[in-house]
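Visitor: when you get a sec, could you give me coordinates for this:
(2 chains)
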2 protein chains.
Amino acid sequence: MTTAPDTPWQHRYRTPSDTARAANPVIDALLDHRSVRRYLTTPLPENTLATLVAAAQSASSSSNLQAWSVLAVQDPPRKARLSAIASDQEHIRQAPLFLVWLADFSRAQRIADTRAIELQAPAYLDSLLLGSIDAALAAQNAVVAAESLGLGTVYIGALRNNVQAVIDELQLPPLVFPVFGLCVGYPDPQAPAAIKPRLGQDVVLHHETYQVDDAEPQRIAAYEQVAADFSREQGQVSGKWGEQVVQRLRDKGSLHGREILAEVLRKQGLGLY
Amino acid sequence: MTTAPDTPWQHRYRTPSDTARAANPVIDALLDHRSVRRYLTTPLPENTLATLVAAAQSASSSSNLQAWSVLAVQDPPRKARLSAIASDQEHIRQAPLFLVWLADFSRAQRIADTRAIELQAPAYLDSLLLGSIDAALAAQNAVVAAESLGLGTVYIGALRNNVQAVIDELQLPPLVFPVFGLCVGYPDPQAPAAIKPRLGQDVVLHHETYQVDDAEPQRIAAYEQVAADFSREQGQVSGKWGEQVVQRLRDKGSLHGREILAEVLRKQGLGLY
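Guide: Numbers count the residues shown, from 1 in each chain, chains lettered A, B, ... in the order given. Okay, here's the model as predicted:
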């Protein structure tokens, strides 16, 4: 780096070049995303939730099954209990709105109940994926909408550290799976979030078939340097990115409770086969 | 309906009211989404792919693992073969760009290889979900970016009808899973796509805990009327929405090949436990 990054693209890739892309306000906004972990307690305008849900429902849905739901948590004690489940993340308590995105086949089963049919497909892995993917597409639209309103967000995958506790807390019926949470609130201007650099496009993008380039190790090493620079700028001490990846995926213990997810989901009637 | 829908919100919910939401150009664009199944063969500008990938990489990534990749298919014979795998969908052949979104733990394993470590976590269900969710968040950002450039898209979940054939065609190594495809191209103005109506917000949105309202059957019936009106406007004949949902999820046979997904993924080293 000879010059400080300026545009979102330069922040994202830590490259001085920002000429390789099309630009418009929507794309600029997408590239400018940052996860927000410090919130003001300022309440949200009354129409915010309806707006986010409309954006979410406007995302594609596999076969129009609409096999997802969203649960809005605003009650402070409940947010605190969910925070305790999710590694005690303070921002779940801070943010005025916590959305839990649900893969939901219970609605379909209620429809089938009126025909005295027990649905077989939800017990298959593909259905679990279908509902989770549809929930993710919906949630990402909500994120883009929230950011366009000056709000910040952060996904909370750590709800999956103890899915049974989430199911109990939110009274989720069979065939419903809490995929992840999402904090929504006004970012605390005292603790601005930064754009996190990512791997170069030549590492994640393949053409026609999946081929591993001989230069991959050097490209990853270059990213590790960028990621280390970013951590230092943020006042954080962290190991190399590759080391973090290996530690996070190394063994059963690194799953922090998620190693029993399949078992919990089977009890929910999901993902067996 | 006493008046024809006008705004994207009115199209999405088939309600005359469009006052319950915040509005700005980004939200208007999100609500205006439609899946495009008829494309011009017009090539895409050279910087389009880089722009879509940058938008995708700007989405959140669980623990910054970046456990996904994307594969760009532009070769017509390969698109034709992928179309044949995915229920012969003509738009895969038509669209100049077909993106296959991959949950990818093989990159992490290559990093671990340099330390002589075999990663254990990818064999657990949570990892399969994590990679699939991250790929979905990324893909949805690419969709929003594409639409802002006047392009159309449609997700292709039917790649999962025969995941082994996709793995073979794209030469995917172990620990890589093709989550879904995405067609990208200029919409054919001769066959404009419409905004598909969705369930009312009161059906998919829960507050604090998951409670099924006694009015759910009436709300679903109201949606079935809206969906039937929409189908008729599109010149399509279709059964009730609830009936479609039940047929799509009824039994193993309705999975169209996806019933063996878990088995194929186990061979890929994913999603066992």
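Visitor: need the contact list for the most centrally placed residue in chain A.
Guide: Nearest to the geometric centre of chain A sits A:Tyr155, at 3.9 Å (CA atoms, centre = their mean). A:Tyr155 makes contact with A:Ser35, A:Ala139, A:Phe180, A:Gly181, A:Leu182, B:Ser60, B:Ser62, B:Leu137, according to CB atoms under 8 Å, 6 or more residues apart in numbering or on different chains. (Glycine included, C-beta is placed from N, CA and C.)
Visitor: surely the second one and B:Leu137 touch.
Guide: Think A:Ala139. Yes: contact criterion CB atoms under 8 Å: A:Ala139 and B:Leu137 qualify, at 7.5 Å.
Visitor: the two: who's more crowded?
Guide: The residue with more neighbours, out of A:Ala139 and B:Leu137, is A:Ala139; 29 against 24, by other CB atoms under 10 Å in any protein chain shown.
Visitor: what's the top strand by length along chain A packed up against?
Guide: For chain A, the strand with the greatest residue count under DSSP state E is strand A:176-185. Applying 3 or more CB pairs under 8 Å, 6 or more residues apart in numbering or on different chains; DSSP states H and E, one finds that strand A:176-185 contacts strand A:68-73, helix A:90-94, strand A:97-104, helix A:125-148, strand A:152-156, helix A:163-170, helix B:125-148.
Visitor: so which of these is nearest B:His256?
Guide: Closest to B:His256 of these, according to CB to CB: helix A:125-148, at 9.5 Å.
Visitor: near chain B, anything from the closest one?
Guide: Yes: using CB under 8 Å from any CB of the partner chain, we find that helix A:125-148 touches chain B at A:125-130, A:132-133, A:136-137, A:139-141, A:143-145, A:148.
Visitor: okay, that helix in PDB with CA atoms only?
Guide: Extracted in PDB, the C-alpha atoms of helix A:125-148 (Å, rounded to 0.1, in the frame of the first residue of the first chain):
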ATOM      1  CA  LEU A 125     -31.500 -32.600   4.100                       C
ATOM      2  CA  ASP A 126     -32.400 -30.700   1.000                       C
ATOM      3  CA  SER A 127     -35.400 -29.100   2.700                       C
ATOM      4  CA  LEU A 128     -33.300 -27.900   5.600                       C
ATOM      5  CA  LEU A 129     -31.000 -26.300   3.100                       C
ATOM      6  CA  LEU A 130     -33.900 -24.900   1.100                       C
ATOM      7  CA  GLY A 131     -35.400 -23.200   4.100                       C
ATOM      8  CA  SER A 132     -32.100 -22.000   5.400                       C
ATOM      9  CA  ILE A 133     -31.100 -20.600   2.000                       C
ATOM     10  CA  ASP A 134     -34.400 -18.800   1.500                       C
ATOM     11  CA  ALA A 135     -34.100 -17.300   5.000                       C
ATOM     12  CA  ALA A 136     -30.600 -16.100   4.100                       C
ATOM     13  CA  LEU A 137     -31.700 -14.500   0.900                       C
ATOM     14  CA  ALA A 138     -34.500 -12.800   2.700                       C
ATOM     15  CA  ALA A 139     -32.300 -11.600   5.600                       C
ATOM     16  CA  GLN A 140     -29.700 -10.200   3.200                       C
ATOM     17  CA  ASN A 141     -32.300  -8.100   1.500                       C
ATOM     18  CA  ALA A 142     -33.300  -6.800   5.000                       C
ATOM     19  CA  VAL A 143     -29.700  -5.900   5.700                       C
ATOM     20  CA  VAL A 144     -29.400  -3.900   2.400                       C
ATOM     21  CA  ALA A 145     -32.700  -2.200   3.200                       C
ATOM     22  CA  ALA A 146     -31.600  -1.400   6.800                       C
ATOM     23  CA  GLU A 147     -28.300   0.100   5.700                       C
ATOM     24  CA  SER A 148     -30.100   2.300   3.100                       C
END
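Visitor: quick check: angle from it to strand B:176-185?
Guide: Interaxial angle, helix A:125-148 versus strand B:176-185 (axes from the mean of the first three to the mean of the last three CA atoms, to 10 degrees): 50 degrees.
Visitor: so how many other residues sit close to A:Ala55?
Guide: By other CB under 10 Å, the residues close to A:Ala55 number 28.
Visitor: who's in contact with it?
Guide: Contacts for A:Ala55 (CB under 8 Å, 6+ apart) come out as A:Asn141, A:Ala142, A:Val144, A:Ala145, B:Ile27, B:Leu30, B:Leu31.
Visitor: how about CSV for those residues, with neighbour count added?
Guide: Listed next are those as CSV, based on neighbours: other CB atoms under 10 Å in any protein chain shown:
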residue, neighbour count
A:Asn141, 27
A:Ala142, 27
A:Val144, 27
A:Ala145, 28
B:Ile27, 24
B:Leu30, 27
B:Leu31, 25
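Visitor: tell me the average confidence for the longest strand of chain A?
Guide: Here strand A:176-185 scores 98 as its mean pLDDT.
Visitor: what's in contact with the helix or strand that that strand is followed by?
Guide: Going down the chain from strand A:176-185, the next helix or strand is helix A:201-204, by DSSP states H and E. Here helix A:201-204 makes contact (CB under 8 Å, 6+ apart) with A:13, A:198, A:213, A:215-216, A:219-220, A:223, B:50, B:53-54, B:57, B:66, B:68-70, B:107.
Visitor: just the buried ones from those residues?
Guide: Buried members of those, counted by 16 or more other CB atoms under 10 Å in any protein chain shown: A:Tyr13, A:Arg198, A:Ile220, A:Tyr223, B:Val53, B:Ala54, B:Gln57, B:Gln66, B:Trp68, B:Ser69, B:Val70, B:Arg107.
Visitor: and which of those is nearest to A:Trp241?
Guide: Nearest to A:Trp241 among the buried ones among the contacts of helix A:201-204, with distances taken as CB to CB, is A:Tyr223, at 6.4 Å.
Visitor: excluding chain neighbours, what is closest to the closest one?
Guide: Spatially, and ignoring its direct neighbours in sequence, A:Tyr223 is nearest to A:Leu199 (5.0 Å; CB to CB, 6 or more residues apart in numbering or on different chains).
Visitor: equivalent analysis for A:Val26, please.
Guide: B:Ser148 (3.6 Å).
Visitor: for A:Leu149, see how far away the one you found is.
Guide: 17 Å (CB to CB, to the nearest Å).
Visitor: now A:Ala67: closest residue in space, sequence neighbours ignored.
Guide: Among residues not flanking A:Ala67 along the chain, A:Gly131 sits closest, at 4.4 Å (CB to CB, 6+ apart).
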